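Trainee: Task: produce atomic coordinates for the following.
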Amino acid sequence: MAKVDLEFNKNEDAMKLALSKMNQRLEKIYLGGGQKKIEKQHSKGKMTARERVNALVDDPKEFFEIGAFVGFKMYEEYGGCPAGGVITGLGKIHGRLCMIVANDATVKAGAWFPITGKKNLRAQEIAIENEIPIIYLVDSAGVFLPLQDEIFPDKEHFGRIFRNNAVMSSKGIIQISAIMGSCVAGGAYLPIMSDEALIVEGTGSIFLAGPHLVKAAIGEVVDKETLGGAETQCEISGVTDYKMPDDKTCLETIRDIISKIGSNPPAGIDRIKAKAPKRDPGEIYGLFPEDRTKPYNTEEILHCIVDDSELTYYKKDYGKTIICAYARIDGWSVGIVANSREVVKNKKGEMQFGGVIYSDSADKAARFIMNCNQKKIPLIFFHDVSGFMVGKRSEHGGIIKDGAKMVSAVSNSTVPKFSVVMGNSYGAGNYAMCGKAYDPRMIVGWPTAKIAVMGGTQAAKVLTQIQVGSMKRKGEPADPKKEKELFDKIKSRYDEQTTPYYAASRLWIDAIIDPKETREFISKGIEMANNAPIEKFNVGVIQT
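Mentor: Predicted coordinates for the structure are as follows:
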């Protein structure tokens, strides 16, 4: 028992250290462009983006931020882009869950970097999929011109945002915009394509071309307020709908507007009174191993997340490297698909390694996913997967066919899907377990998450072998020292690219979360998803 406790404590210390590192990085990110830029914002009578969000929502502590690590260690040659220069997330306004998008003017005057555009599109995508209102708090200088070729012309670039404005309007999804600072050029279409637009006197302005560009284009000399300030756009052009004296009044007015919106019928996801897990969610810290090569009991971790620590297993003794089970999380009915990390023996006496998807596991998971769709039960995927089993026996057994069943079931699934990357999420295992490419309503990672084609050591070995083979073909003599240096260099680079921070900075995952908050994340996600109707499930062509 002492040995077990020692291992638990070691794991717990490692997770707490990882969380401390994460929180230290978040504290820096929350400062945006820095304290001086924050003070400059205040000197103009303006709140910062984060202050605006906090004033808008019912409870700032319940705001679930999406993409806090977006832009992390990116664009460093331009001074960086903390949080991608825009705050996005889910918050309740008079009890109604809304998507909130707030430009951070402390970061390059709120200019749009390429990753800013991607983050805005992700926020709109979530609002569209779940049919929830979206609030834009606009304060942006427009496209970051040095990188305009990476943000302006393509399908998933800046212009897609206005296309989404139109699509949401046609779907009846509420959009409210507040012009609380600059709103210039193409960006001016976003608030005016919303249902209603507010503008703050003295600080808010909106125009297709600013004073400098107007002078350069047509020789006209005009100041910002006359061109597109609150008085002009509310009293002369009628472009905006509400003239607000300050940020505080503007945000209170948005809250008032949202409080009067009618509601749509829910999707019908089943929910009963919640029961707390019998196991403390904080125990996850000690149960999840620091040494990623060690097996562990995934079920024990699930017991820290689900109501009453109760799981109803589907095909428990078949395809043991994937756990499929019905459960409840905060009262919501869910179907869980989780990678088992224990080494097991199947009925044929064959050893199966945890974290690997075998043919029987893939077949079981595919059938379970289809069952959940038939029953309108949301799916929760817990990743710690190395990929599908390889080798002669697996190929002869039809692993590709069975893997395709699972991928097809995930692809065509219409119930809300959520993914939690606990540990590894490698190769085709990422796809089968509903990685970002398979449209989870939201996907998050723990600080222990790793997303890549394969692990750093395996990738470095493969790439080193390829380069050494090339050197041999050129007649170069073998050099073990040089091979070791090459291996270490490749592994170091690859390991950096598999971290959760690398994934989160590029929005491969929506957030990095504290493992003990997994239950709250899933509950909020399902509450959000319950706003949109669930389409009829049709799996299409699938080999059985």
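Trainee: where does residue 220 land on pLDDT?
Mentor: What the model reports as pLDDT for residue 220 is 88.
Trainee: whoops, residue 2 was the one
Mentor: 45.
Trainee: buried set for stretch 27-35?
Mentor: Along stretch 27-35, the positions that meet the burial threshold by neighbour count (16 or more other C-beta atoms under 10 Å) are 29, 32-33. Glycine gets a C-beta too; all of them are placed from N, C-alpha and C.
Trainee: repeat for stretch 180-198
Mentor: 180-185, 187-198.
Trainee: how long is it end to end?
Mentor: Stretch 180-198 has an end-to-end distance of 8 Å (criterion: C-alpha to C-alpha, to the nearest Å).
Trainee: and what of stretch 126-145?
Mentor: For stretch 126-145, the end-to-end distance is 28 Å (C-alpha to C-alpha).
Trainee: Then stretch 45-53?
Mentor: 16 Å.
Trainee: So what touches that stretch?
Mentor: 30, 32, 38, 41-42, 55, 60, 63, 86-87, 89, 91, 100, 102-106, 137, 139, 180-181, 202-203, 246-248, 251 (C-beta atoms under 8 Å, 6 or more residues apart in numbering).
Trainee: Give the next helix or strand downstream of the lowest-mean-pLDDT helix or strand in the chain.
Mentor: Within the chain, confidence by mean pLDDT, DSSP states H and E is lowest for strand 351-352 among all helices and strands, at a mean of 71. Next helix or strand after strand 351-352 toward the C-terminus (DSSP states H and E): strand 356-357.
Trainee: Can you mark which positions in the longest helix along the chain are buried?
Mentor: Longest helix in the chain, counting residues (DSSP state H): helix 2-29. Buried residues in helix 2-29, counted by 16+ other C-beta under 10 Å: 7, 11-12, 14-15, 18-19, 22, 25, 29.
Trainee: What is it packed up against?
Mentor: helix 284-287 (3 or more C-beta pairs under 8 Å, 6 or more residues apart in numbering; DSSP states H and E).
Trainee: Just confirm residue 31 contacts residue 39, I think it does.
Mentor: No. Using C-beta atoms under 8 Å as the test, residue 31 is too far from residue 39 to be in contact (11.3 Å).
Trainee: quick one, what contacts the residue nearest to residue 241 when sequence neighbours are not counted?
Mentor: Excluding its sequence neighbours, the residue lying closest to residue 241 (C-beta to C-beta, 6 or more residues apart in numbering) is residue 196, at 5.0 Å. Residues in contact with residue 196 (C-beta under 8 Å, 6+ apart) are 176-177, 241-242, 257.
Trainee: Rebuild those as a markdown table, extending it with pLDDT.
Mentor: Below are these laid out as a markdown table (pLDDT from 0 to 100):
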| residue | pLDDT |
| --- | --- |
| 176 | 98 |
| 177 | 97 |
| 241 | 95 |
| 242 | 96 |
| 257 | 97 |
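Trainee: Which of these fall in helices?
Mentor: residue 257.
Trainee: In the contacts of residue 196, find the pair that's most separated.
Mentor: 177 and 257 (11.2 Å; C-beta to C-beta).
Trainee: and residue 137, what does it touch?
Mentor: Counted by C-beta under 8 Å, 6+ apart, residue 137 has contacts 49, 52-53, 56, 100-103, 177-178, 180.
Trainee: do that again at 10 Å, thanks
Mentor: 47, 49, 52-53, 56, 86-87, 100-104, 176-181, 191, 198, 247, 250-251, 254 (C-beta atoms under 10 Å, 6 or more residues apart in numbering).
Trainee: And the contacts of residue 196, which is closest to residue 409?
Mentor: For these, the nearest to residue 409 is residue 176 (38.0 Å; C-beta to C-beta).
Trainee: picking up where we left off before, strands - which of the contacts of stretch 45-53 land there?
Mentor: When DSSP state E defines the strands, the subset of those inside them is 86-87, 89, 91, 100, 102-103, 137, 139, 180-181.
Trainee: and which of those is nearest to residue 439?
Mentor: Nearest to residue 439 among the ones in strands among the contacts of stretch 45-53, with distances taken as C-beta to C-beta, is residue 89, at 19.5 Å.
Trainee: Does that closest one touch residue 63 like I think?
Mentor: Yes. Counting by C-beta atoms under 10 Å, residue 63 is a contact partner of residue 89 at 5.5 Å.
Trainee: hey, where'd the strands end up in the stretch 101-250 of the chain?
Mentor: Shown for the stretch 101-250 of the chain, the strands assigned by DSSP state E, counting those that start in this stretch span residues 134-140, 175-184, 196-200, 205-207, 242-244.
Trainee: Looking at those strands, which is nearest to residue 128?
Mentor: That would be strand 134-140 among the strands of the stretch 101-250 of the chain, by C-beta to C-beta, at 8.8 Å.
Trainee: partners of that closest one in the sheet?
Mentor: strand 96-103 (parallel), strand 175-184 (parallel) (DSSP bridges).
Trainee: Minimum distance to residue 352: which of those strands has it?
Mentor: Of all the strands paired with strand 134-140, strand 96-103 comes closest under C-beta to C-beta, at 41.3 Å.
Trainee: Between residue 177 and residue 257, tell me which one has more neighbours.
Mentor: residue 177 (27 against 20; other C-beta atoms under 10 Å).
Trainee: For stretch 359-371, buried residues please.
Mentor: In stretch 359-371, counting by 16+ other C-beta under 10 Å, buried: 359-370.
Trainee: Hmm, residue 99 is touching residue 123, no?
Mentor: Yes. Counting by C-beta under 10 Å, residue 99 touches residue 123, with 5.4 Å between them.
Trainee: Overlap in contacts, these two.
Mentor: Common neighbours of residue 99 and residue 123 (C-beta under 10 Å, 6+ apart) are 66, 88-90, 134, 136.
Trainee: Who are the contact partners of residue 391?
Mentor: 397, 399.
Trainee: how near is it to residue 428?
Mentor: Going from residue 391 to residue 428 by C-beta to C-beta, to the nearest Å gives 15 Å.
Trainee: do the same with residue 94
Mentor: On the measure of C-beta to C-beta, residue 94 and residue 428 end up 44 Å apart.
Trainee: ok, those two, which is more surrounded?
Mentor: Higher neighbour count among residue 94 and residue 428: residue 428, with 18 against 14, using other C-beta under 10 Å.
Trainee: Now the terminal residues of stretch 428-444, how far apart.
Mentor: By C-alpha to C-alpha, one end of stretch 428-444 lies 18 Å from the other end.
Trainee: ok, and for it, which residues are buried?
Mentor: 428-436, 438, 440-444.
Trainee: Low-confidence regions, the stretch 301-450 of the chain specifically.
Mentor: 347, 349, 351 (pLDDT under 70).
Trainee: where along it do the strands fall?
Mentor: Going by DSSP E, counting those that start in this stretch, the stretch 301-450 of the chain shows strands at 312-313, 322-329, 332-339, 344-345, 351-352, 356-357, 379-385, 387-388, 417-426, 442-445, 450-452.
Trainee: So residue 9 sits against residue 287, correct?
Mentor: No. Applying C-beta under 10 Å, one finds residue 9 not in contact with residue 287, separated by 11.7 Å.
Trainee: Give me the pLDDT for the nearest residue to residue 122 once chain neighbours are set aside.
Mentor: In space, and not counting its chain neighbours, residue 122 is closest to residue 507: 5.8 Å by C-beta to C-beta, 6+ apart. For residue 507, the model assigns a pLDDT of 97.
Trainee: so residue 507 touches residue 121, yeah?
Mentor: Yes. At 9.2 Å, residue 507 and residue 121 qualify as touching, with contact defined as C-beta under 10 Å.
Trainee: who's more crowded, the two?
Mentor: Neighbours were tallied for residue 507 and for residue 121 using other C-beta under 10 Å; the higher tally belongs to residue 507 (21 against 18).
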